[in-house]
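K.L.:
Structure for the following, please:
(5 chains)
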Amino acid sequence: MPYFNKNYHPPGTPPGTLVEHVSGATGELSMRLIDYTDQEYLDQVVTDVEQCRPYLERDSISWIHFQGHTQAEVLRNIGELFGLHPLAMEDVMNSGQRPKVEEYEEQLFIIMAMPAEQDKPHLFEQVSIFMGKNYLISFHNGEHDPFDPLRKRLQKHGGRIRSLKSDYLLYGILDLVIDQGFPVLESFGERIEALEDELLDSPARSTLSEIHRLRRELLLLRRMLWPHRDVVNYLQRGDEPLISEDTLIYLRDCYDHSVQIMDLLENYRDMATSMLDVYLSSASYRLNEVMRVLTIIATIFIPLTFISGVYGMNFHNPDSPWAMPELGWYYGYPMVWGIMLLVVVGMLLYFKRKDCL
Amino acid sequence: MPYFNKNYHPPGTPPGTLVEHVSGATGELSMRLIDYTDQEYLDQVVTDVEQCRPYLERDSISWIHFQGHTQAEVLRNIGELFGLHPLAMEDVMNSGQRPKVEEYEEQLFIIMAMPAEQDKPHLFEQVSIFMGKNYLISFHNGEHDPFDPLRKRLQKHGGRIRSLKSDYLLYGILDLVIDQGFPVLESFGERIEALEDELLDSPARSTLSEIHRLRRELLLLRRMLWPHRDVVNYLQRGDEPLISEDTLIYLRDCYDHSVQIMDLLENYRDMATSMLDVYLSSASYRLNEVMRVLTIIATIFIPLTFISGVYGMNFHNPDSPWAMPELGWYYGYPMVWGIMLLVVVGMLLYFKRKDCL
Amino acid sequence: MPYFNKNYHPPGTPPGTLVEHVSGATGELSMRLIDYTDQEYLDQVVTDVEQCRPYLERDSISWIHFQGHTQAEVLRNIGELFGLHPLAMEDVMNSGQRPKVEEYEEQLFIIMAMPAEQDKPHLFEQVSIFMGKNYLISFHNGEHDPFDPLRKRLQKHGGRIRSLKSDYLLYGILDLVIDQGFPVLESFGERIEALEDELLDSPARSTLSEIHRLRRELLLLRRMLWPHRDVVNYLQRGDEPLISEDTLIYLRDCYDHSVQIMDLLENYRDMATSMLDVYLSSASYRLNEVMRVLTIIATIFIPLTFISGVYGMNFHNPDSPWAMPELGWYYGYPMVWGIMLLVVVGMLLYFKRKDCL
Amino acid sequence: MPYFNKNYHPPGTPPGTLVEHVSGATGELSMRLIDYTDQEYLDQVVTDVEQCRPYLERDSISWIHFQGHTQAEVLRNIGELFGLHPLAMEDVMNSGQRPKVEEYEEQLFIIMAMPAEQDKPHLFEQVSIFMGKNYLISFHNGEHDPFDPLRKRLQKHGGRIRSLKSDYLLYGILDLVIDQGFPVLESFGERIEALEDELLDSPARSTLSEIHRLRRELLLLRRMLWPHRDVVNYLQRGDEPLISEDTLIYLRDCYDHSVQIMDLLENYRDMATSMLDVYLSSASYRLNEVMRVLTIIATIFIPLTFISGVYGMNFHNPDSPWAMPELGWYYGYPMVWGIMLLVVVGMLLYFKRKDCL
Amino acid sequence: MPYFNKNYHPPGTPPGTLVEHVSGATGELSMRLIDYTDQEYLDQVVTDVEQCRPYLERDSISWIHFQGHTQAEVLRNIGELFGLHPLAMEDVMNSGQRPKVEEYEEQLFIIMAMPAEQDKPHLFEQVSIFMGKNYLISFHNGEHDPFDPLRKRLQKHGGRIRSLKSDYLLYGILDLVIDQGFPVLESFGERIEALEDELLDSPARSTLSEIHRLRRELLLLRRMLWPHRDVVNYLQRGDEPLISEDTLIYLRDCYDHSVQIMDLLENYRDMATSMLDVYLSSASYRLNEVMRVLTIIATIFIPLTFISGVYGMNFHNPDSPWAMPELGWYYGYPMVWGIMLLVVVGMLLYFKRKDCL
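P.N.:
Residues are numbered from 1 along each chain as shown, chains lettered A, B, ... in the order given. Next up is the predicted model:
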């Protein structure tokens, strides 16, 4: 996961330029048209954008979903058919955009960030949505189509989603994308708990880089999920003519979820910061323990070794009464052991009294 | 206490789906109906939701309390009888929600988080409240009914609570739930003080994990108690038709309490952060002390040991005047002791002057 | 100074319950009535609340001050006489409240926190004030009456304070309570300066706990003094009918003072945090110094000791030319000294060049 | 890159004083006039400001660009011709200004900061823009003219930029300057990733100063790029008569980019702070490892050395049975080896059990 | 520079009390009257306040400047002549006030903090300004009059400052005081750069206290300079009748400068915090280096010393084949050297492979 998403145009590129970036988008582009009213339901794979035109003129709700790598050519065709703004289309191409909502004349343009499955090179896949009065166009630059649960609900005759307009379909998509955050956060929560156990039990070198990596991913996650709150808040304020009163209450629920996710993320960040501090303190504590062992051993044996060294000296002038007379004493050797015992006991008592060792 | 509360629906679940989560809710569901006016007071255990219907049509205030594990089936029945919104009912089921207040057409829906007793697996129990003009429905997913003190006040003929409407009853519940924070904070305060004493007297390995655990619990507490302020603030603003002027002054008191609790929590967090710093500094200080002892002992005895080692050498060429002539000197041995004494005194003077040991 | 002020009611207590807490309040309750107009001035000790009644009916300003431990019974009598709200009276009893201002029908209710003298068990004493059109009731739960300077100004015939209404008296009290913060901050400033000197000269174990205690007290101070700003700001906004235009300009001065106090407190907190960092860095630096001494001594003498050890070995096979021939060399001993000298010089040069020792 | 940009006037200098600062501006001043309408396009190098006058009176859009070191004299002439305010001209001269937008009577004055290429002494070059109804004057105090991509778009007959007014040209410049942030951030992202690898693999002394330098540059970058957001936000609010409705949508895109840049910068700063913590923790961990090796070696061999020292003593009184009788024992020597082996095994078992070494 | 400015009144002092504080103010008080119109200019030293009266009644702009230690008596006289509010006069006396602007009936009262030259006991000198329709009174409690550049501009016939009212003079003073921040920040910038070099090259004990002192001074600076922004912002909002439209544009420039100064200060603070972290990390790194040297030396020589110690033992039972037979071996001595060589090579290989030493 690189820090910098390279999908940007060189400075000075005219606005609305559509260039395909290789990185980021994956898989072939597939088009799928769903057209429904209260009574009817149609679900078909489309190969040419033009096939959608007749459905647009009808009163039914048309949902066209593009899955995979968006080609500039196809996008241009779609843009012409639906009257999409070039700046919006540029954002669809340059995936990795910050989530946002923008109003165009008769459309809402929304970008959402969908947390990807864990082993992907990118942490996020981009979902781009154009919503008009009776149509909704969605792009998802990932490999797997995440909207199957929504389609199942659409198929069911008589469900709430069938009787309402495209704004409720929009809510359905937003809700699904935002709720995708919960399993991701769950896995982060488990990682944090595992790291904490490791940290307090047996912190290793790798724990440190693991914590650092966690912080980095939480930062990336926060950067992309934070704007979701603003997007939903903008929609639920009720100023938007394309959003009906009935849908507002559902968007409020959606808003709640994005607030919960941000709350959790903030907590996770705080815990990750705290873990670094604990790592450092824990290393310090262990160093103390190690040094105490060394110090006790060293301060006891170094004086003893000195004493034994003294009586290993070879002063031997037989005429001098000063030439290590102890060596000739009757009780010289036991006396030295006695002295050494005294030193050991004295040291131990001193350590005990100081309590610091 | 896990970081992540698992009571969430898989992404794409239709809004308003009621599914029972095993974790979180505890105990059997029991229903209790209290119906009162200024003059009358009725308190009975109910087994079927339908039994409540006649009381609703009267002018009296009906308080229906559900204690324990909420079943989807029962909730659906209640929802139909009282016209509860599916999204609200979903929040009642999925306990562990963030506290919030929501307006529905003729109802207020409020979620509060009640700090649980200490040995529970969850730090919080959820209290969900629906309030209408002359009724109040409350759910508490814990084991013990916390509202007995309120019932005692209701029984008392002539009390303020009997003469006022359901909004004052709502105030009573909110006040009780929020004030539950005080004993919890008291126990945290005691933990912090105990930890501080431990920290400054004899920091152990466990102190560190204890501080980390404290920070983590304070974060969780803060996440759930912070929104209480917003809930009460929303109600006391006076825009809400269901809240009478008389109750506003009491809600202001309630608001004060939640501000006091947040104030304390913030202080506790600051102290917990400071404790980690103190732990680290304290470990550093102790290491210094240990190293000073080691260094003094080592720097004094290592040179001495060297000297004694020198005169333990066995150069013995009898023809050479250079073969350790000191060993044969008359005062050789006392001289060596003299040299060693000089070294010790010199070292000690040096340490004293440097003042760093 | 405990973290948690225990003056709270058990959850579920009816609002407005008056219970005496033993802790916090000190001394006997004494009542003092001051009644003044531009011309007259009366100052008397009162034993029964009823004695105040005739003064209330006159046009003069009556200031009734209660000093010491408030009894529930007395408070209830006062409450009846002046029409005080039960919630406000509860706050008077439960000392340790957060400073605040509340409007009641014809009264302002204000709670202030007065920093206590240093050796008290509590950092704060509570000053509670009820102000009506021509009266002011004040409670102070400390031992010593702090309002003597104010009384002296009231006695002086012709002073500004005599010719103005109860709102100017209120200003006088607020000003006195807020300004009490200055000597407290002065003593904190001195403590910080003393700690800094200690920290940079000779950081001891106790310095650490001293810094921690300082941070803790600054947090408590901040928690109680911060709301003063809001209280004065609320009063000086000019929406309050009981506050006259003339007094507003004085309240602005009062507001300035509380802002200055908060400014200082924030600076003090920043310095206290910085001191912890400096303590840690300083301990690290000292450890470095100690370890450098140890390392120099050890790395010089350990090789020397090894060399002398070698020539202390007793290989003695007289037939072997390999059995420590050096021991028999003519210049063997001086040669060993030469080698050892070389080692020392080499080591010192290495250390010098590496510059790290 | 110094902390302080010295391009300020001594206090008390009259406002609007134009003094040339040597530092900051580079290269000779060159003037270039581009005049265009939907149909025509003129691009010429100008040597005298007066040459521009005839173009101003026509309805076409005139863009006069000054590249390089601005001379006070030239600026004064331009100021007279276009009626520029002295304060604005002062800001053009004193490069290193904070980005801002200011309204003058019939002009907008905008200052932008353009991140410079990496090896320059200054991190930023200043772009100053005056925009009137049908002209735009731009100053760039760098060496290389960055606006070539824009000129290429202007040359193309029929492009959007040719058919719109000076406000769209302004958008083009702002967009180009702001997008210049992307390559800079890309290089920062790469530096951070390289530093992280170094940090976790083999932190060296230089890593530390590298991190510090990174933080410092990020701070400078943030200080200069943050106000871009405010500049674009001010323009896109739609209150500005010189900005047409059509351009607003493009400015919104520009605003998005500056938000993305700030987002990234904040993330980078957080990562840089985290890296310092990781460095410290990593150093601590390595110290622990080193000390464990030392402690194991030392605690095993110091007692052994002591034992061998004991039997190197020379007690020799042939009459005393206490004079080191072990030395004469038949199995004395193997026994000593046995004791030493026991000590080693005991130590290793102890370390294994304590698990701390 | 003490933390606490002692120029405060004891709590309970009547508002508007004028008491001379010895500390803070320096030098004798001198009065200087400048009276000017478009045509005339008068500059004279005044000894009695009364001398100013005739100039006030004329239409000309009168600027009376008081330099040095303000005496209560003099201030009272000035107060009477110009109708100054006692609270404002108190603030003039009690120097060290927070910068602020206050509106009185026909006056603006402004307090600014002027950074003092470096060797002064106080970091700031106070500039107090009263501005009326055609007069301006300024007090500066420092030693040297800083307003000479302004006077020079006033003397010049035909300058902008001569033709405008007292509000432009006010701007001139504010601009001069605020711009005084630039040289101060320049010197701080140089101090930071010097400290950084010291920090990364050879951090010493004094570096630490230097950083701490820097942070402390930056905090003080920030506390006093931050409110300048609010002061100028208040004036430039355009609600103030005494400030003419023409001056607003100049105040906007002034506001820009104070924002730039705050920006720099914030950056400096961040760098100072970062430096403490770098100091700590750097100390850690150096400790690692030192410990690695010690550990390598110690772990190599301690085993060697042990080996030589073994063969220094004196087991001598001539009857025992176990009594150190190695000592008698033909190749015993070279063998021991061989073993020791093996140990050294083994250790070095181990260290190399572990790469941690």
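K.L.:
hey, let's count contacts and neighbours off CA atoms from now on
P.N.:
Will do.
K.L.:
Quick one: residues contacting A:L287.
P.N.:
Contacts here follow Cα atoms under 8 Å, 6 or more residues apart in numbering or on different chains; on that basis A:L287 touches D:N288, D:M291.
K.L.:
Quick check: it is in a helix.
P.N.:
Yes: secondary structure assignment (DSSP: H, G, I helix; E, B strand; the rest coil) places A:L287 inside a helix.
K.L.:
Please report the distance of it from A:Q107.
P.N.:
Counting by Cα to Cα, to the nearest Å, the separation of A:L287 from A:Q107 is 63 Å.
K.L.:
so where is the stretch 101-250 of chain A shaky, pLDDT-wise?
P.N.:
Low-confidence segments of the stretch 101-250 of chain A, defined by pLDDT under 70: A:117-121.
K.L.:
Contact residues of it facing chain D?
P.N.:
A:R205, A:L208, A:S209, A:H212, A:R216, A:L219, A:L220, A:R223 (Cα under 8 Å from any Cα of the partner chain).
K.L.:
measure the nearest residue to the second one once chain neighbours are set aside to A:D277 for me?
P.N.:
Nearest in space to A:L208, with sequence neighbours left out and distances taken as Cα to Cα, 6 or more residues apart in numbering or on different chains, is D:V278 at 7.0 Å. Applying Cα to Cα, one obtains 10 Å for the distance of D:V278 from A:D277.
K.L.:
Looking at the two, which is more packed in?
P.N.:
Set D:V278 next to A:D277 and count neighbours by other Cα atoms under 10 Å in any protein chain shown: D:V278 wins out with 25 against 20.
K.L.:
looking at this, A:A323 is in a strand?
P.N.:
No: A:A323 is assigned coil when assessed by three-state DSSP, not a strand.
K.L.:
ok, it - contacts?
P.N.:
Taking Cα under 8 Å, 6+ apart, we find A:A323 in contact with A:F315, A:H316, A:N317, B:Y330, B:Y331, B:G332, B:Y333, B:P334.
K.L.:
10 Å - rerun?
P.N.:
Shown in contact with A:A323 (Cα atoms under 10 Å, 6 or more residues apart in numbering or on different chains): A:N314, A:F315, A:H316, A:N317, B:L327, B:G328, B:W329, B:Y330, B:Y331, B:G332, B:Y333, B:P334.
K.L.:
Quick one: buried ones out of these?
P.N.:
Of all these considered here, the ones buried according to neighbour count by 16 or more other Cα atoms under 10 Å in any protein chain shown are A:N314, A:F315, A:H316, A:N317, B:L327, B:G328, B:W329, B:Y330, B:Y331, B:G332, B:Y333.
K.L.:
Could you check how far the closest residue to the fourth one other than its chain neighbours is from C:Q44?
P.N.:
Excluding its sequence neighbours, the residue lying closest to A:N317 (Cα to Cα, 6+ apart) is B:G328, at 4.5 Å. Summarising the geometry, the distance separating B:G328 from C:Q44, computed by Cα to Cα, is 103 Å.
K.L.:
Over to A:S308?
P.N.:
The gap separating A:S308 from C:Q44 is 89 Å, by Cα to Cα.
K.L.:
Please identify which of these two sits among more neighbours.
P.N.:
Applying other Cα under 10 Å to A:S308 and C:Q44 shows that A:S308 carries more neighbours, namely 26 against 11.
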